[in-house]
Each structure stands twice: as C-alpha cells, then as structure tokens.
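S.K.: Any chance you could fold what I've pasted below:
(4 chains)
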Protein chains: 2
Amino acid sequence: MEKPRESNVERLRTGILEMIEELGLGFGDRLPTEKEMVERFHISRPTLREALKLLEQEAVIDSHQGKGRFLAAGALLSIARPITKFESVSQMVSSHGYTAETRLLGFSAVPADPVTAERLAVAEGTPLVRVERLRSSGGQPLVYSVDWLPRALVGEGLEGTPDWSGSLVALLDRGGRRPVASTANVRAVLLPDEVSGLHGLEEFGPALLIEEVCYAACGTRVIYAMDYHRGSAFSFSFVRK
Amino acid sequence: MEKPRESNVERLRTGILEMIEELGLGFGDRLPTEKEMVERFHISRPTLREALKLLEQEAVIDSHQGKGRFLAAGALLSIARPITKFESVSQMVSSHGYTAETRLLGFSAVPADPVTAERLAVAEGTPLVRVERLRSSGGQPLVYSVDWLPRALVGEGLEGTPDWSGSLVALLDRGGRRPVASTANVRAVLLPDEVSGLHGLEEFGPALLIEEVCYAACGTRVIYAMDYHRGSAFSFSFVRK
DNA sequence: TTGTCTCAACTTGTTTGACAAGTGAAACGT
DNA sequence: ACGTTTCACTTGTCAAACAAGTTGAGACAA
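M.R.: Below is the predicted model:
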C-alpha cells in the first residue's frame, strides 16, 4: 500500500548530486554531458532532462545550449533541514536536539468561528476539537501550540477521549488522514497575555509564531495550528533565490 | 547580446499557471491531461513534462500515474510572495504594502571578525564595510538592518563615499556582483538593548530576525545581513511538504 | 608566420512516435 | 446482485532524429 515516496526523477536528482560529489566538482566546473549521464544512470534522455531541470530551478546547475552544463551558485547552499520541509512539531523539536516532553494544557469541543472555518474550509459552526499543548525540555518551555481539528476526523468520540497528549499526526494517520503538507506563515510575536499568565510562561520571551493549515494526501484540510516557538531556542533555515 | 532571460520551459511554466487561473481551478481540481495541454500550447510532450516537473517541485501540482495531475497546496501560495523568494529588503517592504523611507544610521570600515569572516568566506581581518540602516513608513520603524560587505566589492573608496542609503543591490550590480540568492535563517528576538536605546526603538517590540548570506551569480558571497523585521508589521508565507 | 575563414564535431533544445504501467468504469458472466 | 474481465484513458519511460548554438582544428590567404 505504501507508495514509493521518491519518484524516479527524484531519485535521479539525488544521484546526480552524488555524482557531482564523487567527481569532486566545484563551482563553475562542467558536468558530464547528457550522453555520458544517460549511460552512467541507464535512463533515457528525456527522463534525465526532467531531473536536470529540477536542479536548474534550484540554481544548482546552469545550462547553455552548445556549451554544456555547469555548477552554479546554488550548489553551495544545500540546507540540511529547511523550514520548507513538512514535519510534526515533535519531530522538529527533537531535530533541534531537544528531548521533548508534551504536556496537555487543555482540550475542548468548540464550533468553528468564522476565521477558523475559513482556514479549514468548513462551514461556520462545524464541530471542532481545540487542543492546547506545551512542549518542554528539562523544565524549559519550548513550544506552546494550539490546534484545531474537525471533530469528524478524530474518532466519533464514543469511547470518550483519544490520547490528545500524543502525536496528532499519528492520530490522524489511523483514520487515513495523515497530514503531508501545509501552507504556513511565520511572524514574531509575544505570547498572548492570558496564555502566559495562565500557564506560567512569563519568561517565554519573544516567540516565532508559525501558523499553518495542514493537508492530508487526499487534499482535505485536517489541522489548523498555531505554534509559538520560543525565540531563544529555535531558528529555521532556508534558501532564497 | 542579451540572452532571453526566460527559457522556453520557464515561459511554459507561467503559461500553465495562467491556464489554471483562466479555468478557475482550485485546490484538488484536476488539470487538463498532457495531451490537451500539448495541443493548447503547441509544444511537445517532453517539453511540457519538464515544465510540469518544475511545478511539481514547487508543490503547485501533484501527479498520479493513471489518474492525472491535481492542484496541490502550493497553488494557494503561488501568488503571495513566499519567504523563499530572494528579494531586497526594499522590495520586500513595498510588497507588504508599505512605502519605505531608508535612513542611514551609520557606516564604518571594519576588519572581519572570526564569525563574519566565516560567513563571507574571507580571511579574518579582511577589510569590510558595515552599514546600519532603518526602514520606516509614515514615521513607524519597520526594519532595522545591519549589513557587512567586502570592501573590495564596493568601489575602491577613491571617490569617498558611495550612496549607502540607497540599495546595496544596485550598488553591487554596478560591479557585476548583483546578489541573486542567499542562505538564510529566521528566529524571533528582541532588538539588542544598545540598538533600541541609541536609535529610539524602544517600542519596536518582538522582531523577526532574518540572518542571511547573499551570493552573486558568479558564486562569490557579497553580503552578510541581519535584518530585524518588526513583528507587528510583517509575516512571511511558505509551503511545507 | 600570422590571421581569418570554413566546416565538422559536439553540446543542449525540441519533436515525434511508441510502449509500459497504473486507474477506473463499463461490459460481462456467474 | 455481485465479482470479474476488459478496455479506454492517464502518466511514466524510452528511442531516434533533427534543430540550434558553440568550439576548435585545419584550410587558406596575406
């Protein structure tokens, strides 16, 4: 049932990067010709060209008709874990080197207000679940987060309470609605007063707020999240071009 | 002598986006088949597929063998300026709807300290220029920024002072070293005390700090920048997948 | 010798045609 | 009514060819 997450062209793309490494090519050096690469990877020229186009778009290589392909600026700037890589908050926290503990601050059934309804593309008043959690490491609060999920997606509520303190990703995965992508935006804020007051987060300091709408593979929106990342603990990398 | 800045595939890519707009397609909708698009754009299938692969990588469309191509999460952001798009601070400010005024807070010739030298890939002690500026709009401070540039790149200093209050991009462009990409990271901070005290920015509030190293097309690093974006005025979008 | 021109070889860009593989629905038989 | 097969349609991959831009060697003339 599991799809190969990496398409053929994707695999080829990383193969080309490995080849560049192997050959010890540096900035401005010329790549092997299409003909040579076709032989090396045992694939056809159109397929190879699709992979090369990806690297062109990433500014890793530069192509000139009649001359060849050359390593460009983007080759220098490959980022290990960019902000554009979708991952759960738990994954993100541990990838920053923290061992996270999750504390459930509260959850409740609420109707969708106009803003949230628009974000999740549901009708106003649709039953939602609001989950409020705090990730900490060694007693230091790291991420304060609020998530909204359509009630219909997380069990029918018959058996009472799912494990809200666990991973929402895992919970949705059981219903075949695992989030795989999101549209997000980021800004700098302070924690809202009522939050810092209620949960003893007066020392949290400036926060990086990532507000995102998560999508399942089938296209339905499954989570609207607001994650406040403690400014002194997190930074995110990316490439601009 | 001027090369067509837009390759054929590039042009085709925007053509597809326009077509999506025209057809009024929304998230999850199916795109026309390759066959139909080949007829519409009068190009061959491999060429079309190169353009489609680009949009796939941008998460604008999603492809499934046997089923078709579908609009994905990235389509919602293709209009908004994503954080991953390289642009100057001035461009960014005006794209957020502000009319920016730039005030030069100071500049000086400094030797490269260890950290800055590593960022710019120059030897420690290399002569640099440090430029400190503040962008405002209607009296409201928006972005406080500090830039370091190798002295050698910005005129030889014979004629005294270049126009530091203008665009650094334009300045570097004259030397053929226009920055075109960067590696960046983002975090939430407060303005350093000495900065807010010296320049009357006590009310600036939490700031989104984007720290980036800019590259010219030829691969040399031309700017090391720290841009403090006022949290209450800016937010940046992006797609995660 | 020196400089210029021509041309052939090589590179990427594009097209055409074909087949493989996955999908879904209609047609079919039980 | 239900499961199965078949078939049309989609994307994925391949092969061969020509167009267009670049380079360099060799012919040629001064």
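
S.K.: any idea of the mean pLDDT in the helix or strand harbouring A:Leu198?
M.R.: Using DSSP states H and E, A:Leu198 maps to helix A:193-199. With pLDDT averaged residue by residue, helix A:193-199 scores 93.

S.K.: Quick one: the strands in chain A, in order.
M.R.: A:61-64, A:68-71, A:101-111, A:127-137, A:140-150, A:179-189, A:207-216, A:221-230, A:236-240 (DSSP state E).

S.K.: Residue numbers of chain A in contact with DNA strand D?
M.R.: A:7-9, A:42-47, A:50, A:64-67 (C-beta under 7 Å from any atom of the strand). For every residue, glycine as well, the C-beta is placed using N, CA and C.

S.K.: What count of nearby residues applies to the closest residue to A:Arg187 other than its chain neighbours?
M.R.: Of all residues not flanking A:Arg187 in the chain, B:Ser235 sits nearest, at 3.9 Å (C-beta to C-beta, 6 or more residues apart in numbering or on different chains). Neighbourhood size, B:Ser235 [other C-beta atoms under 10 Å in any protein chain shown]: 17.

S.K.: I figured B:Ser235 hits A:Val186, correct?
M.R.: Yes. Shown here, B:Ser235 and A:Val186 form a contact pair, counting by C-beta atoms under 8 Å, at 6.6 Å.

S.K.: Need the distance between the two termini of stretch A:191-202.
M.R.: The stretch stretch A:191-202 measures 9 Å between its terminal residues, going by C-alpha to C-alpha, to the nearest Å.

S.K.: hmm, who's touching it?
M.R.: The contact list for stretch A:191-202 (C-beta atoms under 8 Å, 6 or more residues apart in numbering or on different chains) reads A:Leu105, A:Leu134, A:Pro141, A:Tyr144, A:Leu190, A:Phe204, A:Ala207, A:Tyr228.

S.K.: Repeat the analysis, applying 6 Å as the threshold.
M.R.: A:Pro141, A:Phe204, A:Ala207, A:Tyr228 (C-beta atoms under 6 Å, 6 or more residues apart in numbering or on different chains).

S.K.: Got the domain ranges for chain A?
M.R.: A:8-76, A:89-230 (automatic domain parsing).

S.K.: Just put these in a markdown table and tack on mean neighbour count and distance to B:Lys85.
M.R.: Listed next are these as a markdown table, based on neighbours: other C-beta atoms under 10 Å in any protein chain shown; distance: least, C-beta to C-beta, whole Å:
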| stretch | mean neighbour count | distance to B:Lys85 |
| --- | --- | --- |
| domain A:8-76 | 16 | 13 |
| domain A:89-230 | 17 | 14 |
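
S.K.: would you list those domains in a markdown table and tack on distance to B:Glu124?
M.R.: Formatted as a markdown table, the domains of chain A follow (distance: least, C-beta to C-beta, whole Å):
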| stretch | distance to B:Glu124 |
| --- | --- |
| domain A:8-76 | 20 |
| domain A:89-230 | 28 |
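
S.K.: what's in contact with the longest helix seen in chain A?
M.R.: Counting residues, the longest helix found in chain A (DSSP state H) is helix A:8-23. Residues from elsewhere that reach helix A:8-23 (C-beta under 6 Å, 6+ apart): A:Glu50, A:Ala51, A:Leu54.

S.K.: What does the pLDDT read for the most centrally placed residue in chain A?
M.R.: Geometric centre of chain A, nearest residue: A:Phe86, 1.4 Å, by C-alpha atoms, centre = their mean. A:Phe86 is assigned a pLDDT of 91 by the prediction.

S.K.: and the residue lying closest to it once chain neighbours are set aside, bridged to which residues?
M.R.: Spatial nearest neighbour of A:Phe86, chain neighbours left out: B:Arg240 (3.9 Å); criterion: C-beta to C-beta, 6+ apart. Assessed by DSSP bridges, B:Arg240 has beta-bridge partners A:Ser182.

S.K.: Correct me if wrong: B:Arg240 contacts A:Glu87.
M.R.: No. B:Arg240 is beyond contact range of A:Glu87, at 7.8 Å (criterion: C-beta atoms under 6 Å).

S.K.: what about those two, which has more around it?
M.R.: Using other C-beta under 10 Å as the criterion, B:Arg240 and A:Glu87 rank with B:Arg240 on top: 22 against 14.

S.K.: how close does that one get to A:Thr183?
M.R.: Noted for B:Arg240: a distance of 8 Å to A:Thr183, by C-beta to C-beta, to the nearest Å.

S.K.: chain center to the helix or strand bottoming out on mean pLDDT in chain A, what's the gap?
M.R.: The helix or strand of chain A with the poorest confidence is helix A:168-174; it has a mean of 85 (mean pLDDT, DSSP states H and E). Centroid separation for helix A:168-174 versus its chain: 16 Å, with C-alpha atoms, centre = their mean, to the nearest Å.

S.K.: next one: stretch A:62-78
M.R.: On C-alpha atoms, centre = their mean, the centre of stretch A:62-78 falls 28 Å from that of its chain.

S.K.: what do you get for stretch A:221-229?
M.R.: 11 Å.

S.K.: One more: stretch A:121-129?
M.R.: 24 Å.

S.K.: so does it get close to chain B?
M.R.: No. Applying C-beta under 6 Å from any C-beta of the partner chain, one finds stretch A:121-129 separated from chain B by no less than 8.3 Å.

S.K.: contacts for that stretch?
M.R.: A:Ala109, A:Val110, A:Pro111, A:Ala112, A:Pro114, A:Ala117, A:Trp148, A:Leu149, A:Pro150, A:Arg151, A:Arg221.

S.K.: Also stretch A:145-156?
M.R.: By C-beta under 6 Å, 6+ apart, stretch A:145-156 touches A:116, A:127-133, A:162, A:171, A:175, A:177, A:222-227.

S.K.: at 7 Å what do you get?
M.R.: Applying C-beta atoms under 7 Å, 6 or more residues apart in numbering or on different chains, the set of residues contacting stretch A:145-156 from outside is A:89, A:109, A:116, A:120, A:122, A:126-133, A:157, A:162, A:168, A:171-172, A:175, A:177, A:222-228.

S.K.: Same check on stretch A:170-181?
M.R.: Contacts for stretch A:170-181 (C-beta under 7 Å, 6+ apart): A:86, A:153-154, A:162, A:169, A:214-217, A:220, A:222-223, B:59, B:73, B:239-241.

S.K.: Wait, A:Arg187 touches A:Ala207, no?
M.R.: No. The pair A:Arg187 / A:Ala207 is not scored as a contact, 9.5 Å apart, by C-beta atoms under 7 Å.
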